[in-house]
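A.B. asks: No letters, just coordinates:
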Ligand SMILES: NC(=O)N[C@@H](O)C(=O)O
Ligand code: NI
């Protein structure tokens, strides 16, 4: 087995895989509602309309995974994006690989512990949700006809360890 290094999530590092959903100064934001609210605008590209799809808003009540975790498979959604926004600032991991033919050497792992979310672009390979503490996530992804799930077993498992931080 090979150890997968965990990287801190940044917009730049995650750009090949999708968007970071965060109310920070990198986002376009402006006051609304007579200045009583700040709008962090258009944070992620929701891409769900292929083949007549529609947007779904769901809550995933995730139980914690145990570390070290063996990543043995990845999945992708060829017809739509998938966004995960934690409803509390609990730690989770995002394991991804670029869309297209899966190259096991291109698998990367990111850690998030401050409440930021991610939007996986359509077709990006990823491991199903990897919460490290029990946490609810708001999930925006595609509903509709057609096959929106491909899975791939990795030839060699990747072990993810994370000491936090
Ligand atoms: N199964 C499901 O709806 N969720 C997965 O796609 C996932 O990425 O967690
Ligand atoms: Ni998924």
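C.D. replies: That came through fine. None of the values given here were measured: they were computed from a predicted structure. Ligands and ions are numbered 1, 2, ... in the order given.

A.B. asks: So which residue is dead centre in this protein?
C.D. replies: Residue closest to the mean C-alpha point of the chain, counted by CA atoms, centre = their mean, is residue 118 at 4.3 Å.

A.B. asks: How much space separates it from ligand 1?
C.D. replies: From residue 118 across to ligand 1, the span is 10 Å (CB to the nearest ligand atom, to the nearest Å). Every C-beta, even on glycine, is put in place using the N, C-alpha and C of the backbone.

A.B. asks: next one: residue 51
C.D. replies: The gap separating residue 51 from ligand 1 is 17 Å, by CB to the nearest ligand atom.

A.B. asks: Tell me the pLDDT of that residue.
C.D. replies: Residue 51 is assigned a predicted lDDT (pLDDT) of 97.

A.B. asks: next one: residue 161
C.D. replies: The model reports residue 161 with a pLDDT of 85.

A.B. asks: and if you look at the one 4 residues further on?
C.D. replies: Per-residue confidence for residue 165 comes out at a pLDDT of 61.

A.B. asks: distance from the centroid: which residue in this protein tops it?
C.D. replies: Here the chain reaches farthest from its C-alpha mean at residue 34, the gap being 33.3 Å by CA atoms, centre = their mean.

A.B. asks: and it, that's in a helix?
C.D. replies: No - counting by DSSP: H, G, I helix; E, B strand; the rest coil, residue 34 falls outside a helix, being coil.

A.B. asks: returning to that earlier point: tell me the phi and psi of the residue nearest to the centre of the chain?
C.D. replies: The phi/psi pair for residue 118 (degrees, to the nearest 10) reads phi -130, psi 150.

A.B. asks: I'd like the distance between it and residue 81.
C.D. replies: In this structure, residue 118 and residue 81 are 10 Å apart, going by CB to CB, to the nearest Å.

A.B. asks: Tell me which strands the longest strand along the chain pairs with, and in which orientation.
C.D. replies: The longest strand of the chain (DSSP state E) is strand 150-160. In the sheet containing strand 150-160, the strands it pairs with under DSSP bridges are strand 2-4 (parallel), strand 69-76 (antiparallel).

A.B. asks: In a strand, residue 51, correct?
C.D. replies: No - applying three-state DSSP, one finds residue 51 to be helix, outside a strand.

A.B. asks: which ones are touching it?
C.D. replies: Counting by CB atoms under 8 Å, 6 or more residues apart in numbering, residue 51 touches 79, 144, 145, 146.
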